[in-house]
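Enquirer: coords please:
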Amino acid sequence: MAKLILIRHGQSLWNKLNIFTGWVDIPLSEKGIEEALKAGEDLQEVKIDRIYVSTLSRALMTGMLVMAKNKVSLAPRVVHPGENLHNDKIEGMTTPVIRSEAINERMYGALQGCNKDEVKEKHGEDQFKLWRRSYATAPPEGESLKMTGERTIPYFEKEIKPHLLDGKTVMVSAHGNSLRALIMHLDGLSEEEVCSLEIPTGQPIIYSVENKTFSKQ
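Expert: Numbering: from 1, shown residues only. Down below sits the predicted model:
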């Protein structure tokens, strides 16, 4: 049975400092590395056929650390456009890792690099919650969760879902908001329900895929 494994990257250095990160490319903290390795231990007996990560290093780091613990999958290989392996056999000897901006974190615009507590103090609790947790309200110069889903969900349907329906097990290493949008789509959540959805760092969320049906384990 095919599986879809969703994992939010481990804690980043800016998660640790309570800073809005968005598309700023910040790596994992020491705790984030430990979280990713723990996820790898949990998944070590799961054969993963394809991996999708965002273009941000914290997602790639998490995916690679998970695979470092895997005992049954082929070696991960980041696929770069136009690369030539000079070996026809190698394609079947690796697990392809595909990077895409479509599953990047929400773009937080003018809030990127700002401390969350300071934003809350300056703009008030209600405005802070609207920018951070609402479905359709975007921060200044940034994206709403709705806008994030408008790039994440079509990419999933076109590029990822066909492999799942073909019986492959796929891991997606991405971000809190791109995964919230995707889970909203898979679970049929309402706009109100998704506002309270929390995705913990470094903890795999697994769906079984059978007869075009996604069932959360």
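Enquirer: Helix or strand: which one has K31?
Expert: For K31, the enclosing helix or strand under DSSP states H and E is helix 30-42.
Enquirer: for that helix, packing partners?
Expert: helix 13-16, helix 57-68 (3 or more Cβ pairs under 8 Å, 6 or more residues apart in numbering; DSSP states H and E). For glycine as for every other residue, the C-beta is placed from the backbone atoms N, C-alpha and C.
Enquirer: if we go to 10 Å?
Expert: strand 2-8, helix 13-16, helix 57-68, strand 170-174 (3 or more Cβ pairs under 10 Å, 6 or more residues apart in numbering; DSSP states H and E).
Enquirer: Mean neighbour count, those: which tops it?
Expert: Of all the helices and strands packed on helix 30-42, strand 170-174 carries the top mean neighbour count, a mean of 28, counting by mean count of other Cβ atoms under 10 Å.
Enquirer: what's the average pLDDT for the next helix-or-strand element following that strand?
Expert: Next in sequence after strand 170-174, counting helices and strands by DSSP H and E, comes helix 176-187. Across helix 176-187, pLDDT averages out at 98.
Enquirer: List the buried residues in helix 176-187.
Expert: Neighbour-count burial for helix 176-187, with 16 or more other Cβ atoms under 10 Å as criterion, is recorded at 176-186.
Enquirer: Can you tell me which of these is nearest I98?
Expert: Closest approach to I98 among the buried residues of helix 176-187 (Cβ to Cβ): S178, at 14.4 Å.
Enquirer: ok, and for the helix holding K31, which residues are buried?
Expert: 31-33, 35-40, 42.
Enquirer: got the angle for it vs strand 170-174?
Expert: 170 degrees (axes from the mean of the first three to the mean of the last three Cα atoms, to 10 degrees).
Enquirer: Quick check: next helix or strand after helix 30-42?
Expert: Next along from helix 30-42, by DSSP H and E: strand 50-53.
Enquirer: Show me what that next one is packed against.
Expert: helix 57-68, strand 75-78, strand 94-99, helix 161-165, strand 170-174.
Enquirer: mind putting the ones you listed in a markdown table, distance to T148 included?
Expert: Shown next, in a markdown table, are the helices and strands packed on strand 50-53 (distance: least, Cβ to Cβ, whole Å):
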| stretch | distance to T148 |
| --- | --- |
| helix 57-68 | 14 |
| strand 75-78 | 23 |
| strand 94-99 | 17 |
| helix 161-165 | 18 |
| strand 170-174 | 10 |
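Enquirer: between those, which one is nearest to L6?
Expert: It is, among the helices and strands packed on strand 50-53 and with distance given as Cβ to Cβ, strand 170-174, at 5.2 Å.
Enquirer: and that closest one, how far from the chain's centre?
Expert: 6 Å (Cα atoms, centre = their mean, to the nearest Å).
Enquirer: what helices or strands is it leaning on?
Expert: Using 3+ Cβ pairs under 10 Å, 6+ apart, strand 170-174 is in contact with strand 2-8, helix 30-42, strand 50-53, helix 57-68, strand 94-99, helix 161-165, helix 176-187, strand 205-210.
Enquirer: Y108: which of the ones you listed is closest?
Expert: Between the helices and strands packed on strand 170-174, helix 176-187 lies closest to Y108; by Cβ to Cβ that is 9.2 Å.
Enquirer: got the CA coordinates for that closest one in PDB?
Expert: Output in PDB follows, covering the C-alpha atoms of helix 176-187 (Å, rounded to 0.1, in the frame of the first residue of the first chain):
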ATOM      1  CA  GLY A 176       3.900  24.500   8.800                       C
ATOM      2  CA  ASN A 177       1.700  26.500   6.400                       C
ATOM      3  CA  SER A 178       2.300  24.600   3.200                       C
ATOM      4  CA  LEU A 179       1.400  21.400   5.000                       C
ATOM      5  CA  ARG A 180      -1.600  23.000   6.700                       C
ATOM      6  CA  ALA A 181      -2.900  23.900   3.300                       C
ATOM      7  CA  LEU A 182      -2.300  20.400   2.000                       C
ATOM      8  CA  ILE A 183      -3.900  18.700   5.000                       C
ATOM      9  CA  MET A 184      -6.900  21.000   4.700                       C
ATOM     10  CA  HIS A 185      -7.200  19.700   1.100                       C
ATOM     11  CA  LEU A 186      -6.700  16.000   2.000                       C
ATOM     12  CA  ASP A 187      -8.900  16.000   5.100                       C
END
